[in-house]
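Chemist: Okay, here's the prediction I keep looking at, along with the sequence it came from:
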Amino acid sequence: MDEHQYDAWLALWTDDALYWVPSNRDDIDPLREMSLIYVDRQGLEERIIMLKSGDQWSQEPKSRMRRIVSNVEFEAGENGEVTVYSNFDLTEFRRGRQEIYAGRAIHKLRPAGDSFKIAYKKVLLVRNDDYLHNLTFLL
């Protein structure tokens, strides 16, 4: 995502994928409370179409981003699935404004051939209860 390689990023996801960024608390029920992002594979595809179209003024010019991922932990699951926990710092710069997003990501990876695909991603932002300026890119 930092290089805006949207199609390559989308290809990493399963057909039944879920991408979730809770708001206000990390343990909300996304079907009953507001989330910053809560989309399935179709929702991811729609976001990518908008990002690639040039019609999304909030990403014109595109954000310049770099992230640092650390404290990576793996947990084996059933049927070869793996849950990966990591911490991240994402720095975003656009139109003279720099934002830093820090948090913890939880990925559930499912075997796909001789590799894995992302079936689930939950992003627990440290500032998920604060004003976020422009969250039109994907974390």
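Modeler: Cool, the structure landed.

Chemist: just the helices in this protein please.
Modeler: 6-10, 41-53 (DSSP state H).

Chemist: Go through the ones you listed and name the closest to R95.
Modeler: Among the helices of the chain, the nearest to R95 by C-beta to C-beta is helix 41-53 (16.5 Å). (Glycine included, C-beta is placed from N, CA and C.)

Chemist: Show me which parts of that closest one are buried, residue by residue.
Modeler: 41, 44, 47, 51 (16 or more other C-beta atoms under 10 Å).

Chemist: just for the protein, where's the confidence low?
Modeler: 56-57, 136-139 (pLDDT under 70).

Chemist: Strands of that one, start to end?
Modeler: 13-22, 35-40, 64-76, 82-94, 97-112, 115-125 (DSSP state E).

Chemist: Turn these into JSON lines, columns for mean neighbour count and distance to S58.
Modeler: What follows is these, written out as JSON lines (neighbours: other C-beta atoms under 10 Å; distance: least, C-beta to C-beta, whole Å):
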{"stretch": "strand 13-22", "mean neighbour count": "18", "distance to S58": "16"}
{"stretch": "strand 35-40", "mean neighbour count": "16", "distance to S58": "14"}
{"stretch": "strand 64-76", "mean neighbour count": "11", "distance to S58": "14"}
{"stretch": "strand 82-94", "mean neighbour count": "16", "distance to S58": "9"}
{"stretch": "strand 97-112", "mean neighbour count": "16", "distance to S58": "12"}
{"stretch": "strand 115-125", "mean neighbour count": "18", "distance to S58": "18"}
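
Chemist: mind putting the ones you listed in a markdown table, distance to L132 included?
Modeler: Output for those, formatted as a markdown table (distance: least, C-beta to C-beta, whole Å):
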| stretch | distance to L132 |
| --- | --- |
| strand 13-22 | 10 |
| strand 35-40 | 7 |
| strand 64-76 | 14 |
| strand 82-94 | 10 |
| strand 97-112 | 8 |
| strand 115-125 | 8 |
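
Chemist: Go through the ones you listed and name the closest to H4.
Modeler: Between those, strand 64-76 lies closest to H4; by C-beta to C-beta that is 8.7 Å.

Chemist: now the angle between strand 97-112 and the closest one, please.
Modeler: 30 degrees (axes from the mean of the first three to the mean of the last three C-alpha atoms, to 10 degrees).
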